[in-house]
Each structure stands twice: as C-alpha cells, then as structure tokens.
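S.K.: got a sequence here, can you build the structure:
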Amino acid sequence: MPEQLVQGKSLEDICQEWAEKLQFPVDQLEYEVLEKPGLFNRNWKVIIRWPEGADHEAPGQADAPDIPAAAAQDPICTQVEPSEQGYRLLPGLGLQSVVPDAQAGQLFKNGQEIQLPTQIAAEDQWVFKPACVPGWRNWSWEVREKGFVAVAVVQQQKSRRAILPKEIYSGEVLDIMKCVRWETSEAEGDFWPAARYVEELEKKKITFGCRADAWQEILAVDGEGEVIVAEGVQPVPGQPCVLYDGVNNTTALGSDPDDRTKIDYFASKITLVEKDAVLLRKERGIPGENGYDVFGHEIKPKPVHDIPLTAKNNVRLSEDGLSLIAECSGRPVRVDKSGYAVEAVYTLNHDVDLSTGSIDFPGNVMVKGNVQEGMHIFSDGSVDIRGAAAHAEIRGDRGVKVSQTVHGGKLLVGYHSVVRLELGKRLTELLHQVQKTLKDMRDLLISAQESGFKPGQCLKLILEKRYPHLPKLAADTDAYLTQNAGSLVSEELASVVRVIKQSLTGLEPVKDTSVMHLNQACENLAQMIAQMAEESKEEVCCEVSYIQGATVESSGGFLCEKAVYNCTIQAEGDVLIKGVCRGGKIISGGNVTIGELGGSGVSSTFVQIGGDKRLKTEYCHPNVIIAVNKEIVKIEEAYRKLEIYRAGGVVQVDKLLVRDQE
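M.R.: Take a look at the predicted model:
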C-alpha cells in the first residue's frame with residue numbers, strides 16, 4: 001500500500017487534500033499520526049496510505065515518458081537516500097519545484113545552498129542536510145517546609161534531529177518542512193553535568209537526607225519538573241502528661257482527643273468516695289526525639305508540658321505530687337482538667353467539655369458555661385444552661401432551657417414521655433398486624449376445612465403470602481424495648497413481646513400451640529397499651545434563645561425567643577417562636593405561633609399541626625408548606641397576619657397579601 005509523509009494544520013484538512021489529489025474517497029485513506037502540534041511545530045505530521053489500483057492513478061502518471069524503474073511505479077514519488085552530508089534526493093517525475101526551510105535543515109542544489117523555492121531540472125543534484133536542534137539542562141534550588149525538603153526545579157529540553165522518510169509523495173511541489181519529522185538525538189547543547197549538581201549541593205550546604213536517585217530523576221525530566229533532592233527528618237513529638245481518673249475508673253484521659261469524662265450520678269446509687277481515696281493520678285510525660293533539616297541542623301520537638309494537679313475543697317496533694325487524695329468521705333466533683341473537690345452538692349460553674357466530661361444526673365442540672373461539641377447532658381430533672389450548646393445532646397425529663405445559642409445537636413425534653421409515645425406506637429402497630437394475621441388465619445381455616453389444614457399450617461401460609469414483614473416487625477419491637485425503653489418496660493411487657501416474636505419466627509408458626517400463644521399475647525398486649533395510654537403526661541417545655549441546625553423532641557411545648565434556622569422540631573404541645581423561623585420542619589401537637597415564617601433564598605419551611613389546632617404568624621414568606629393533618633397548604637406569596645385552622649371540616653386560611661413594592 002503506497003504511503004506518504006505529510007503535515008497540515010488538522011487531520012481533516014490533510015485527509016481532504018490528499019483525497020482530492022489521489023481522486024480517492026476520504027474513507028478509503030488511512031493515516032498514522034507521527035507527531036502532534038507542539039512547541040517547535042504547530043502542524044500535525046502523519047503518514048497517509050491509500051489502496052493500490054489501476055483505476056486510481058496519480059495525476060500525470062498516464063502521460064509519463066520512459067523513466068527509471070524506481071520512479072516508474074509512482075511519478076510523484078521522490079526517493080531519499082542517506083549520504084555523508086545527510087540525504088540525497090532523487091526527485092520523481094511530475095515534481096516541479098522544491099521549497100526549502102531553514103528550520104528543517106539546509107538544501108543544496110548542485111553543491112549550492114538554496115533558500116527560496118526552486119524549479120526542478122532533470123540534471124540537478126539535490127542534497128538535504130538535516131537540522132539538529134541543541135538541547136539544554138539547568139535547574140534552580142528551593143528549600144521548603146521550613147528546611148525539611150530541598151527541591152531542584154529542573155528545565156530540560158532534549159536535542160532533536162530532523163529525518164526524512166525513504167520515499168516522499170508530494171505532488172508537484174515538495175515542501176521540505178512538511179516532510180521531515182523529529183527524533184531525539186545524542187546530547188548536543190548546554191547540559192549542566194552531574195559534577196555541577198554535586199558542587200551546588202555543597203555550596204548550599206545541603207548535607208542531610210540527600211537522595212541517591214535524585215540525579216537519575218533529573219535526567220528523566222522532559223520540559224519542566226521538580227525533583228526532591230534531600231529530605232530532613234521531622235522531630236518526633238513527645239507523649240504528653242496523662243491523667244487517670246480514679247473515680248470513674250477511666251483510662252488515659254487527655255491522651256485521646258475523643259475521650260469523654262463521664263460522671264455517673266444515679267438517684268439510687270450516687271457515687272461516693274471514702275477518706276484517703278485516690279481521685280486523680282498523673283503519669284509524667286515522655287520527651288520527644290530531635291529531628292534534622294536538610295542542612296543538618298538539629299530541630300528540637302515541642303517540650304512536653306507538665307499538668308500540675310490542683311487540690312480543691314477537701315482534697316490534698318500526695319507527697320510525690322502525682323495524686324489527688326480525698327480528705328473526707330463525700331461526692332467527688334471534677335472541677336477542671338486537673339482538679340477535684342469532694343462536695344455533697346453537685347454544681348457546674350464552667351463549660352461542659354473534655355475536662356469535665358458529659359453529665360448523667362438524676363436531678364436538676366445547671367451549667368453556667370457552654371456545652372462543647374460532642375458532649376451530652378442527661379438529666380431526670382430539668383437542665384438549665386446559661387451559655388451556649390454546640391452539637392451536643394441535651395436531655396431533660398422535666399424541661400430544658402438554653403439561654404444562648406444552640407448550634408446543631410439534639411434537645412430531648414420529657415425523654416420518658418417521648419420514649420413512651422414511640423413505644424406505644426410500635427406496640428400498637430405490632431398488635432394491629434398480629435390481630436389481622438390471626439383473623440386471616442381463621443378465615444382460611446374455615447374455608448379449607450375439607451382440606452384438613454391445621455391452624456399452625458394456615459398461620460404459616462398467611463405469614464408467607466400476606467405478612468412476610470411481620471416477623472421482622474416483632475424482632476425490631478423487641479430490640480427497641482431492650483435498647484431504648486429502659487425502666488419504662490416491665491418484665492411482663494418484655495415477655496409478651498418475646499412470645500410474639502418467637503411464635504412468628506422460623507418453624508414455630510407451624511405448631512398449633514403458637515396460635516394459642518399469639519391469641520393470649522394479643523389480649524395481654526392490648527391491656528398494657530390501654531394502661532400506658534391512661535398515664536398522664538407532665539407539662540414540660542424546651543426553651544431556647546437562638547437555635548440552628550438542631551433536632552428538638554419535646555413531650556410538651558417549645559419556646560424560642562429569637563430565631564429558628566433549619567431545625568427539626570417535634571413538640572406534643574404548643575410551639576411559640578417570637579422571632580424568625582426559616583427552613584427546616586416543625587411538627588406540633590398544639591398551636592403554633594411564629595413572628596416571621598420562612599424566607600427568600602432558603603429551602604422550604606414545613607409546618608404540621610393537628611386538625612383542631614391553629615397556626616398564626618405575623619409575616620409569612622413564600623416557599624412555605626403547611627400541613628393540617630394530611631391536607632397541604634402551599635404558601636407561594638408573602639402574607640401578613642396569616643392564620644390557618646380547620647373550621648367545619650374545612651381548612652381556613654386568613655391572610656393579608658403583601659404586594660411587591662420594589
């Protein structure tokens with residue numbers, strides 16, 4: 001298959017040009033890319049190939065006179081022979097002129113260099129001396145990372161030499177630049193040697209951590225690149241002083257940033273210490289190891305600071321200074337990171353953080369500082385936080401109040417009531433599903449009397465065909481009782497749920513006794529659910545000043561003095577937001593009163609109220625969704641004095657439209 005080395009500005013232009021020259025369709029041409037546009041050549045350089053055949057003769061071939069055999073096959077083919085000077089060119093018949101190019105090399109006609117396009121004569125002798133582009137190699141030095149890394153910024157261009165193919169298919173004009181391609185040649189040019197590299201390292205006094213293979217990486221750089229020539233050794237930090245809490249029996253407090261100091265106080269078993277008990281013990285820190293930069297300078301690690309133990313009320317320091325010892329019996333209180341006191345009353349006068357740990361307390365809790373991220377306060381009484389809370393979990397069974405900002409986290413008010421409600425929902429759903437299963441089983445048993453099916457077989461069949469999810473529902477309910485309900489679950493209730501789970505699992509439904517056990521369990525469970533529903537709820541409230549990105553669950557009401565942003569608030573009682581509420585979701589079992597609801601440029605705000613409750617807001621922005629039971633009201637314009645309620649079975653919307661005044 002004939003071929004020709006050509007170049008052009010694009011592959012499409014090259015193919016179109018040669019299809020017209022050879023009178024071939026474009027799709028019959030093949031090409032191989034040799035060189036893409038780059039720094040020294042902005043053209044594509046490819047080899048064009050086309051199929052052989054008498055029906056597609058090149059222009060001028062039919063009228064060609066007698067020519068040598070080497071050129072007779074293709075009159076536009078120019079033969080190229082290597083010579084001592086470079087290449088000897090044997091122009092093919094049909095070639096009219098040649099175009100030299102100084103960048104590609106020197107072109108000689110009969111021993112004389114030509115620099116302009118020249119006509120071809122039969123007796124002319126043509127020699128092409130290809131150009132050689134010299135390369136270079138140099139570098140600059142940078143010391144980074146405070147002296148621990150030395151980098152050579154290398155610039156390197158390898159030498160290149162122009163070469164010609166053995167045959168050139170060029171038509172009537174031979175353009176030398178379009179025919180040459182470049183290949184890497186032996187190093188010619190200004191290449192900084194390895195000796196200079198070593199000399200400069202010595203001058204810059206880079207003596208430590210020199211990499212043995214750095215020079216080979218420099219030689220491999222093509223264009224520009226960075227090579228790390230030396231690396232120092234960072235100092236090894238020491239181990240800090242570690243405190244061990246003797247009261248809570250925790251280990252390595254302060255050695256792990258995720259540790260939490262947890263003070264457990266329960267109503268029936270308050271933690272007490274005896275006289276001379278060790279409250280806090282210290283383990284001295286371990287110094288670190290020195291490091292070295294690339295100049296060989298010694299770098300010392302940060303010193304390990306000692307944490308002096310602080311003896312507070314009724315606590316003394318041991319003779320070796322490594323322990324805090326109780327001077328009397330009483331309740332131990334961690335007053336700061338390194339101090340203890342023994343008191344009869346629990347009081348927290350600063351932040352809840354790693355130095356104090358999270359708080360579990362059966363009575364009321366007052367925090368005069370902030371609650372830091374990741375901490376929690378669990379109280380069977382009320383929680384009063386005079387500061388702020390950030391990404392913390394706060395539980396107050398009788399109420400929660402946060403005087404400053406709440407960012408993220410969770411507030412749970414009336415924990416036992418919330419769990420009781422969730423437990424009631426789960427138990428009611430389980431009872432309903434089991435009762436439906438038993439009813440369908442009895443119907444199947446009656447209709448299949450002639451088949452001789454037993455109750456257990458009918459139960460198994462109904463479970464598989466209609467209620468395949470029921471065994472998992474029973475297992476999930478049992479797991480919830482174990483993990484979340486705590487003291488709210490009696491042994492009798494737990495036993496009933498276990499009987500239901502076991503009777504629905506595996507091959508148990510096949511047994512006729514399982515049907516009897518399920519019937520009895522349903523009767524007992526219905527009585528327990530009714531008893532739980534009769535228990536009265538204590539009126540509690542969650543009060544905040546400003547809250548953002550948090551979750552609130554309250555068995556009572558919710559009160560916010562300033563603003564609520566992107567929160568999920570679920571309250572069984574009334575919700576009162578005196579300021580702004582934007583984004584998030586509010587689900588209320590009572591009335592909802594909001595100063596300003598929603599906002600432009602924020603995500604939609606969702607509010608849900610009961611069918612007999614009211615939503616009132618002084619100003620409501622668009623993009624607000626309000627649900628009255630299952631009926632949805634979308635607010636798409638701004639309104640004043642918006643009030644939504646149900647009257648006569650129909651949702652009523654009272655509002656004053658705000659016209660755009662801009």
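
S.K.: double-check that residue 440 belongs to a helix.
M.R.: Yes - assessed with DSSP: H, G, I helix; E, B strand; the rest coil, residue 440 lies in a helix.

S.K.: from residue 500, how far off is it?
M.R.: 16 Å (CB to CB, to the nearest Å). Heads up, the C-betas are built off the backbone N, CA and C, glycines and all.

S.K.: right, and residue 36 touches residue 43 too?
M.R.: No - counting by CB atoms under 8 Å, residue 36 sits too far from residue 43 to count as a contact (9.3 Å).

S.K.: residue 473 - how many residues pack around it?
M.R.: Residue 473 sits with 18 neighbouring residues when counted by other CB atoms under 10 Å.

S.K.: ok, the one 4 residues further on next?
M.R.: If you count neighbours by other CB under 10 Å, residue 477 ends up with 19.

S.K.: do residue 381 as well
M.R.: By the criterion of other CB under 10 Å, residue 381 has 15 neighbours.

S.K.: where in the stretch 301-450 of the chain is pLDDT low?
M.R.: Within the stretch 301-450 of the chain, the stretches with pLDDT under 70 are 329-331, 343-347, 361-363, 418, 450.

S.K.: go again with 50.
M.R.: Within the stretch 301-450 of the chain, the ranges that satisfy pLDDT under 50 run 344-345.

S.K.: which parts of the stretch 401-550 of the chain are strands?
M.R.: Listed in chain order, the strands of the stretch 401-550 of the chain (DSSP state E, counting those that start in this stretch) span residues 410-413, 541-548.

S.K.: right, so of the ones you listed, which gets closest to residue 525?
M.R.: Nearest to residue 525 among the strands of the stretch 401-550 of the chain is strand 410-413 (26.5 Å), distances taken as CB to CB.

S.K.: residues touching the closest one, excluding its own?
M.R.: In this structure, residues lying in contact with strand 410-413 by CB atoms under 8 Å, 6 or more residues apart in numbering are 393-397, 399-400, 402, 418, 540-542, 544, 547, 550-556.

S.K.: pull the CA atoms of stretch 548-566 into PDB?
M.R.: Once non-C-alpha atoms are left out, stretch 548-566 reads as follows in PDB (Å, rounded to 0.1, in the frame of the first residue of the first chain):
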ATOM      1  CA  GLN A 548     -29.800  26.500  64.200                       C
ATOM      2  CA  GLY A 549     -29.400  23.100  62.600                       C
ATOM      3  CA  ALA A 550     -30.600  21.100  65.600                       C
ATOM      4  CA  THR A 551     -33.200  18.500  66.300                       C
ATOM      5  CA  VAL A 552     -35.800  19.100  69.100                       C
ATOM      6  CA  GLU A 553     -38.200  16.500  70.500                       C
ATOM      7  CA  SER A 554     -40.400  17.600  73.300                       C
ATOM      8  CA  SER A 555     -43.300  15.800  75.000                       C
ATOM      9  CA  GLY A 556     -44.500  19.300  76.000                       C
ATOM     10  CA  GLY A 557     -44.100  22.700  74.400                       C
ATOM     11  CA  PHE A 558     -41.300  24.600  72.600                       C
ATOM     12  CA  LEU A 559     -40.400  28.300  73.100                       C
ATOM     13  CA  CYS A 560     -37.800  30.300  71.200                       C
ATOM     14  CA  GLU A 561     -37.200  34.000  72.000                       C
ATOM     15  CA  LYS A 562     -35.300  35.000  68.800                       C
ATOM     16  CA  ALA A 563     -34.800  32.700  65.800                       C
ATOM     17  CA  VAL A 564     -35.000  29.200  64.500                       C
ATOM     18  CA  TYR A 565     -33.000  28.200  61.400                       C
ATOM     19  CA  ASN A 566     -33.100  24.800  59.600                       C
END
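
S.K.: buried stuff in it?
M.R.: Neighbour-count burial for stretch 548-566 flags 548, 550-560, 563-566 (criterion: 16 or more other CB atoms under 10 Å).

S.K.: who has more neighbours out of residue 440 and residue 500?
M.R.: residue 500 (27 against 18).

S.K.: okay, that one: pLDDT?
M.R.: Residue 500 is assigned a predicted lDDT (pLDDT) of 89.

S.K.: show me the contacts for it.
M.R.: Listed by CB under 8 Å, 6+ apart, the contact set of residue 500 reads 430, 434, 474, 518, 521-522, 525.

S.K.: wait, which of those is closest to residue 198?
M.R.: Closest to residue 198, out of all of the contacts of residue 500 and judged by CB to CB, is residue 474, at 78.8 Å.

S.K.: so what's that closest one closest to, chain neighbours aside?
M.R.: residue 501 (4.1 Å; CB to CB, 6 or more residues apart in numbering).

S.K.: isn't that neighbour right up against residue 473?
M.R.: No - Residue 501 is beyond contact range of residue 473, at 9.3 Å (criterion: CB under 8 Å).

S.K.: okay, now the unreliable bits of the stretch 1-150 of the chain?
M.R.: Residues of the stretch 1-150 of the chain meeting the criterion pLDDT under 50: 54-75.

S.K.: do that again at 80, thanks
M.R.: 1-3, 23-24, 35, 37-42, 52-76, 93 (pLDDT under 80).

S.K.: that one: strands as residue ranges?
M.R.: Under the criterion DSSP E, counting those that start in this stretch, the stretch 1-150 of the chain carries strands at the ranges 3-8, 30-35, 44-49, 77-82, 87-90, 97-99, 105-109, 112-114, 118-119, 126-130, 132-133, 135-144, 149-157.

S.K.: elements contacting the fourth one?
M.R.: Where contact means 3 or more CB pairs under 8 Å, 6 or more residues apart in numbering; DSSP states H and E, strand 77-82 is packed against helix 69-72, strand 87-90, strand 167-169.

S.K.: again, 10 Å this time
M.R.: Contact partners of strand 77-82 among helices and strands, from 3 or more CB pairs under 10 Å, 6 or more residues apart in numbering; DSSP states H and E: strand 3-8, helix 69-72, strand 87-90, strand 126-130, strand 167-169.

S.K.: is it possible to get a markdown table of the ones you listed that adds mean neighbour count?
M.R.: Formatted as a markdown table, the helices and strands packed on strand 77-82 follow (neighbours: other CB atoms under 10 Å):
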| stretch | mean neighbour count |
| --- | --- |
| strand 3-8 | 20 |
| helix 69-72 | 13 |
| strand 87-90 | 20 |
| strand 126-130 | 19 |
| strand 167-169 | 22 |
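
S.K.: so which of these comes closest to residue 230?
M.R.: Short answer: strand 126-130, nearest of these by CB to CB, at 41.7 Å.

S.K.: to residue 319, which of the strands of the stretch 1-150 of the chain lies closest?
M.R.: strand 149-157 (49.3 Å).

S.K.: okay, buried residues for the closest one please.
M.R.: Under the neighbour-count criterion of 16+ other CB under 10 Å, strand 149-157 has 149-152, 154, 156-157 buried.

S.K.: closest one of those residues to residue 570?
M.R.: Nearest member of those to residue 570, counting by CB to CB, is residue 149, at 54.7 Å.

S.K.: can I assume that closest one is in contact with residue 232?
M.R.: Yes - with contact defined as CB atoms under 10 Å, residue 149 reaches residue 232; the gap is 7.1 Å.
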